[in-house]
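Enquirer: predicted model, plus sequence, below.
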Amino acid sequence: MTSPVFIFDFDSTLVRIETLEALADIALSDAPDAAAKKAEIAALTDQAMTGQVDFGTALRRRLDLLALNRSHVEALTDRILDEASASIRRNVDFFERHAERVYILSGGFREVIAPLAARLGIAADHVLANDLIYDAEGRVTGVDDANPLSRENGKPEVIKALNLTGPVVMVGDGWTDAEVKLAGAASRFYAFTEVVSRPKVIEVADATAASLDEVLFAEGVAGRWSYPRNRIRMLLLENIHPAAVERLEEAGYSVETMKGALDEDDLIEAIKGVHVLGIRSKTNVSARVLEQADRLLAVAAFCIGTNQIDLEAAAEHGVAVFNAPYSNTRSVVELAIGLTIVLMRDVADKSAAMHQGQWNKSATGSRELRGKTLGIVGYGAIGSQLSVLAEGLGMRVIFHDLSERLALGNARRMRSLDALLAEADVVSLHVDGRKDNADVIGAAQFAKMKPGVLFLNLSRGHVVDVDALAEALKSGRIAGAAVDVFPEEPRTNADPFASPLQGLKNVILSPHIGGSTEEAQEAIAEFAAERLLGYLNRGDTTFCVNLPNVQLAEVSRAHRLLHIHRNQPGVLAELNRALSSAGLNILGQHLKTDERTGYVITDVDRDYDPEVLKVLRDLPGTVRFRMLH
Ligand SMILES: NC(=O)c1ccc[n+]([C@@H]2O[C@H](COP(=O)([O-])OP(=O)(O)OC[C@H]3O[C@@H](n4cnc5c(N)ncnc54)[C@H](O)[C@@H]3O)[C@@H](O)[C@H]2O)c1
Ligand SMILES: O=C(O)CC[C@@H](O)C(=O)O
């Protein structure tokens, strides 16, 4: 089959701007009547692009309004590469590979288009555009009237004159692009809507393309197993920072967001057709949810904790789970320090009293941090940072951890939890949320703490028996507590909150905000979005918490086969036998296993019989098979 000739419009298609509007911003930057002129130019662009004013008239009227000179045009030319539309930037490889069958056809100006054409590997004689005419002082006096592109219906005329052979595919956002198809100069016309969507153009188009990926997919250019990114649906719950949405959309994926968490039944409904789920700590991704998730490839916890996800069930379904293990740790540590000081000075109750009109200036029971012993339970990413900051404030630090951890500074490791509880003036919990950690601190542990101790939990709610904590506070054994996490937490800000700790003296309750700072949320969004992109685009499982971790480079001039299987004997041998009997040329292969799962990544030459893919999908032990190119 002859590969089609692709003809691309420039403005609002290859680039996300309209050239004349961008030139107006530059040329009219100091003009007193700039706003009115720009509005007139934008209206003329729109009228020309929807076919209400003929193109030649609109072009000349806009140039008259602008009073352009060479420096204005050069200023735009200099930055035009930065204006390339997102899906064009993603597919530079397509242009480079097919340059001899790609044309740029534009009512815009050749010199503005030239740098992007060069970047995409498109030869100068494949750039069909208007030529600006300058006077001796470098002022633009108009365009070359002999060029058909300066007139109404110029685009079809220029295409017909090329006498192209084989199918001709026109891609553009405007009416002048639709005219190419309507005049019979193109076999197929895609209304390109990534930058702007014009209903009148869509109406006459053969198909709508929200990105270049859609066009390539429909035309079978990138291989018939490719999948346009905008068809990959991502659902982000729990008010995830917009930086994630921005990054994922920029990469071409379709992202939907919701402010709160969903309960199991609502999540089961919402997850249908979703390829990627983003959550924080309040959405439970249970085995039942995973069972019903018909398209799910990955879950990202935009936080540290992953105890809300059934990691084993996810692995059994070949669903990769990622989190952001470090991005909010500093925020938690700062809050723990702040809360400790506030508890030591009883500031929260004193402040509440003052709001009621009571002045209680007293030093009784107020203490400095300096010289006190902080007992950290769980010396991981957060506990160990807290250790360093607390020592910096003059505290003595002791810690207890189930695993062997390097003691930082002068911190002392305690052999048992009991030994730590017996010595600490402040006990701060930073253990992970594994199920076994339920009620790690209960009545027996409170009884072992020093009388007058302060207690903090910023880890997970189920780790502490809250009724026992309430009793220990009421009895005065514990002088104060700060609790950020609870066994039952409201799913949204609109849901009610209840706890036996409410109303108790010197108790600070916070709504699970240890990691809720702008810095942390933005950093998490960026980190987790990158992990998702790495997995979707490259198969990279670095930081994946339930599949073997493999760090991978971009797929380059190869097809990448990703095979997740149960870790049972013989799968790799079977897989390689299938590849070799299909005559595939293997360019590279990685295998990583954990006790449950095997993950094989195989890069192969592009030429092979697609039937082999069916064999790989059906290999015994296969959990999931995916292909990238
Ligand atoms: N409040 C918040 O907003 C917030 C923010 C971030 C993290 N967190 C929570 O904070 C906790 C700590 O996070 P992290 O990133 O430091 O985790 P981490 O996994 O780096 O460290 C946890 C440490 O606790 C140890 N541990 C586990 N169970 C233990 C036990 N029973 N006794 C002693 N040690 C035990 C582990 O060996 C590990 O070293 C997690 O539960 C996390 O979900 C809360
Ligand atoms: O943002 C959240 O919902 C959870 C924050 C924190 O508990 C975490 O696990 O990182």
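Expert: Structure received. Ligands and ions are numbered 1, 2, ... in the order given.

Enquirer: only C-alpha atoms for contact and neighbour calcs from this point on.
Expert: OK.

Enquirer: the residue of the stretch 501-629 of the chain found nearest ligand 1: neighbouring residues, count only.
Expert: For the stretch 501-629 of the chain, the nearest residue to ligand 1 under the criterion C-alpha to the nearest ligand atom is Gly514, separated by 3.4 Å. In terms of burial, Gly514 registers 22 neighbours under the definition other C-alpha atoms under 10 Å.

Enquirer: contacting residues around it?
Expert: The neighbours of Gly514, taking C-alpha atoms under 8 Å, 6 or more residues apart in numbering as the test, are Ser331, Val332, Val333, Leu335, Ala336, Leu458, Asp484.

Enquirer: how about the secondary structure of it?
Expert: coil (DSSP: H, G, I helix; E, B strand; the rest coil).

Enquirer: ok, back up a step: from the contacts of Gly514, which land in helices?
Expert: Ser331, Val332, Val333, Leu335, Ala336 (DSSP state H).

Enquirer: and Ser71, that one's in a strand?
Expert: No. Assessed with three-state DSSP, Ser71 is helix; it does not lie in a strand.

Enquirer: shaky segments in this structure?
Expert: Low-confidence segments of the chain, defined by pLDDT under 70: 1-2, 222-226.

Enquirer: again, 50 this time
Expert: Residues of the chain meeting the criterion pLDDT under 50: 224-225.

Enquirer: which parts of it sit against ligand 1?
Expert: Within the chain, the residues that sit near ligand 1 (C-alpha under 6 Å from any ligand atom) are 304-305, 325, 328-329, 332, 377-383, 400-403, 430-433, 437, 458-460, 484, 512-515.

Enquirer: which of those count as buried?
Expert: The neighbour-count criterion (16 or more other C-alpha atoms under 10 Å) marks 304-305, 325, 328-329, 332, 377-383, 400-401, 430-433, 458-460, 484, 512, 514-515 among those as buried.

Enquirer: for the stretch 501-629 of the chain, which segments are assigned as strands?
Expert: Under the criterion DSSP state E, counting those that start in this stretch, the stretch 501-629 of the chain contains strands at 507-509, 559-566, 586-593, 597-604, 622-628.

Enquirer: which residue does the stretch 101-250 of the chain bring closest to ligand 2?
Expert: Going by C-alpha to the nearest ligand atom, ligand 2 is nearest to Glu238 of the stretch 101-250 of the chain, at 7.5 Å.

Enquirer: what residues are up against that residue?
Expert: Residues touching Glu238, when contacts are defined by C-alpha under 8 Å, 6+ apart, comprise Met258, Lys259, Gly260, Ala261, Ile279, Arg280, Lys282, Thr283.

Enquirer: who wins for neighbours among the residues you listed?
Expert: When these are compared by neighbour count (other C-alpha under 10 Å), Ile279 ends up highest, at 27 neighbours.

Enquirer: for it, phi and psi?
Expert: Dihedral angles phi and psi of Ile279 (degrees, to the nearest 10) take the values phi -140, psi 170.

Enquirer: show me what counts as buried in stretch 83-102.
Expert: Neighbour-count burial for stretch 83-102 flags 83-89, 94-95, 98-99, 101-102 (criterion: 16+ other C-alpha under 10 Å).

Enquirer: so which of those comes closest to ligand 1?
Expert: Distances from ligand 1 to those, taken as C-alpha to the nearest ligand atom, are shortest for Ala86 (33.6 Å).

Enquirer: still on that earlier bit, the buried residues of stretch 83-102 into a markdown table, with extra columns for secondary structure and distance to Thr602?
Expert: Below are those laid out as a markdown table (DSSP: H, G, I helix; E, B strand; the rest coil; distance: C-alpha to C-alpha, whole Å):
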| residue | secondary structure | distance to Thr602 |
| --- | --- | --- |
| Glu83 | helix | 35 |
| Ala84 | strand | 32 |
| Ser85 | coil | 31 |
| Ala86 | helix | 28 |
| Ser87 | helix | 26 |
| Ile88 | helix | 27 |
| Arg89 | helix | 26 |
| Phe94 | helix | 22 |
| Phe95 | helix | 26 |
| His98 | helix | 26 |
| Ala99 | helix | 29 |
| Arg101 | helix | 31 |
| Val102 | strand | 32 |
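
Enquirer: tell me the one of these nearest Asp173?
Expert: Distances from the buried residues of stretch 83-102 to Asp173 were compared by C-alpha to C-alpha; the smallest belongs to Ser85, at 12.4 Å.

Enquirer: that closest one and ligand 2, how far apart?
Expert: 33 Å (C-alpha to the nearest ligand atom, to the nearest Å).

Enquirer: so that residue touches Glu18, yeah?
Expert: No. Under the criterion of C-alpha atoms under 8 Å, Ser85 is not in contact with Glu18, lying 11.7 Å apart.

Enquirer: now do the shared contacts for the two.
Expert: Common neighbours of Ser85 and Glu18 (criterion: C-alpha under 8 Å, 6+ apart): Ser12.

Enquirer: that older thread, just the contacts of Glu238 that are near ligand 2?
Expert: Applying C-alpha under 6 Å from any ligand atom, the subset of the contacts of Glu238 adjacent to ligand 2 comprises Arg280.
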